[in-house]
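Chemist: fold the following for me, if possible:
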Amino acid sequence: MDAYHCNNCKRPYPDSDLPHRCLHCGGIFTVSKELNLAEDDQTQSGIWRYENSFGLSPETEKVSLGEGDTPLVRSDLFGKEIYFKLEYQNPTGSFKDRGSAALVSEMKARGVVRAVDESSGNAGASFAAYAARAGIEAKVLVPENTSGPKREQIEAYGAEIEEVPGPRSAAADRIWEVIQEGISYASHAYLPFGLAGIATIAYEIFDELGQTPGTVVAPAGHGSLLLGIALGFEALKAAGKIEQLPKLVAVQASACAPLWVVTNIGPSGLGAVQEGPTLAEGVRVRIPIRGDELILKLRDGKGHIHIVEEDRILPGRNALAKLGFYVEPTSAIVWDTLEQMQGEISEPVVVILTGSGLKNTTNN
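Modeler: Predicted coordinates:
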């Protein structure tokens, strides 16, 4: 598949099986150059208007639950023109559905019948839903502290859950044992197919705004969300639809902020990163798979990484709720960024609200 290649040896993604790393050098697969953004197909809806940019196998039959076409809602705040992209209105309540639709479609085309992923909740729920839609038997490894509503959602779709004691990294370690049993690894972090689905956020923002935003703000765990958005805007620029790229602001919780540490201290500081407890469980990722790629996108003044202290997360969630946006704590870390970086973000500002508040029962 020429649309995806190993970021180390540059070999294309194989035409068969579902390897999560390069079989030749162990590198991570990513998108090749710019996504090929042809004219969108107005006969389709949601993310599938941009199917020609996905680079999926020719025999791929789309697996869809109606993802995409999420609202972009304006709010004048802090003296700025700010728009909220309501990704929590996707079918399973998070932006992950854009990536899952593309990924599971490719999995089905490759004949996958049984697959596993590890997740703190949203990715697992999304994978479970799309696997059910595709008729693929799903298993999800979850950390023991995964919120109850997310676990219930995963189970409701018929997926098998294995609770792994310890932090999220323990579930990531356990996955290597599980895939030795011959089950396919449907990794939302390692496999590259979901990036093209996430890139559709950028296309929709451009269509809805009619211009390039000055800044895009989003939470960052593994880094797939902002990386996909960056790839989307690069595709728009390559297609001649925009002239400049927006600045990107990645937001992390101070309890687990590897991207901030590497950017401000250097790779030597990564060993000191803690996987501390945080309400923002969706970004509690100590070793982000897409971290290197995302940091490259943020260099040379193209972006910034902001960290949020734990005591600022719930006030941010409550402030967003007062505007009518009911989001989970992971989504709410963007609010502190808006407050603290008022003089550093260019208008119009687009803020990605990633997950529904119905997925978390945390009280004040």
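
Chemist: next up, phi/psi of R11, please.
Modeler: Phi and psi for R11, reported as degrees, to the nearest 10, are phi -70, psi 140.

Chemist: isn't there a strand covering I352?
Modeler: Yes: counting by DSSP: H, G, I helix; E, B strand; the rest coil, I352 is located in a strand.

Chemist: once you drop chain neighbours, what's closest to it?
Modeler: A218 (3.9 Å; CB to CB, 6 or more residues apart in numbering). Where C-beta positions appear, they are placed from N, C-alpha and C, glycine not excepted.

Chemist: the one you found touches I229, doesn't it?
Modeler: Yes: here A218 reaches I229: they are 6.9 Å apart, a contact under CB atoms under 8 Å.

Chemist: hang on, the earlier thing: and the residue nearest to I352, what does it touch?
Modeler: Neighbouring residues of A218 by CB atoms under 8 Å, 6 or more residues apart in numbering: 225-226, 229, 248-251, 334, 351-352, 354.

Chemist: dig out what it forms beta bridges with.
Modeler: Beta-bridge pairing for A218 (DSSP bridges): A250.

Chemist: and the pLDDT for it?
Modeler: We have a pLDDT of 98 for A218.

Chemist: and it, how far from L18?
Modeler: As for A218, its distance to L18 is 27 Å (criterion: CB to CB, to the nearest Å).

Chemist: still on that earlier bit, from V142, how far off is the residue nearest to I352?
Modeler: Distance from A218 to V142, counting by CB to CB: 23 Å.

Chemist: go through the lowest-mean-pLDDT helix or strand in the chain and flag the buried ones.
Modeler: Lowest mean confidence among the helices and strands of the chain (mean pLDDT, DSSP states H and E): helix 168-179, at a mean of 87. Of the residues in helix 168-179, 168-169, 171-172, 174-175, 178 count as buried by neighbour count, 16 or more other CB atoms under 10 Å.

Chemist: tabulate these (TSV), appending distance to H306.
Modeler: Formatted as TSV, the buried residues of helix 168-179 follow (distance: CB to CB, whole Å):
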residue	distance to H306
R168	21
S169	23
A171	27
A172	25
R174	31
I175	30
V178	35
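
Chemist: could you give the number of residues near the nearest residue to G93 once chain neighbours are set aside?
Modeler: What sits nearest to G93 in space, not counting adjacent residues and going by CB to CB, 6+ apart, is S356, at 3.7 Å. For S356, the count of nearby residues is 22 (other CB atoms under 10 Å).

Chemist: shouldn't S356 be in contact with V327?
Modeler: Yes: here S356 reaches V327: they are 6.7 Å apart, a contact under CB under 8 Å.

Chemist: any common contacting residues for those two?
Modeler: Joint contacts of S356 and V327 (CB under 8 Å, 6+ apart) are Y88.

Chemist: surely V251 touches A220?
Modeler: Yes: counting by CB under 8 Å, V251 does reach A220; the two are 6.3 Å apart.

Chemist: where along this protein do the helices fall?
Modeler: Under the criterion DSSP state H, the chain contains helices at 96-109, 122-134, 148-156, 168-179, 193-198, 200-209, 224-238, 258-264, 291-298, 313-322, 329-340.

Chemist: thinking again about what came up before, pull up the overlap in contacts between A218 and I229.
Modeler: Residues touching both A218 and I229 by CB under 8 Å, 6+ apart: 248, 352.

Chemist: show me what contacts C22?
Modeler: Contacts of C22 (CB under 8 Å, 6+ apart): 6, 8-9, 11, 28-29.

Chemist: ok, now with 10 Å
Modeler: By CB atoms under 10 Å, 6 or more residues apart in numbering, the residues touching C22 are 5-14, 28-29.

Chemist: kindly report the same for Q244.
Modeler: So Q244 contacts 212, 214, 233, 237 (CB under 10 Å, 6+ apart).

Chemist: turn those residues into CSV, columns for pLDDT.
Modeler: Putting the contacts of Q244 into CSV (pLDDT from 0 to 100) gives the following:
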residue, pLDDT
T212, 95
G214, 96
F233, 95
K237, 93
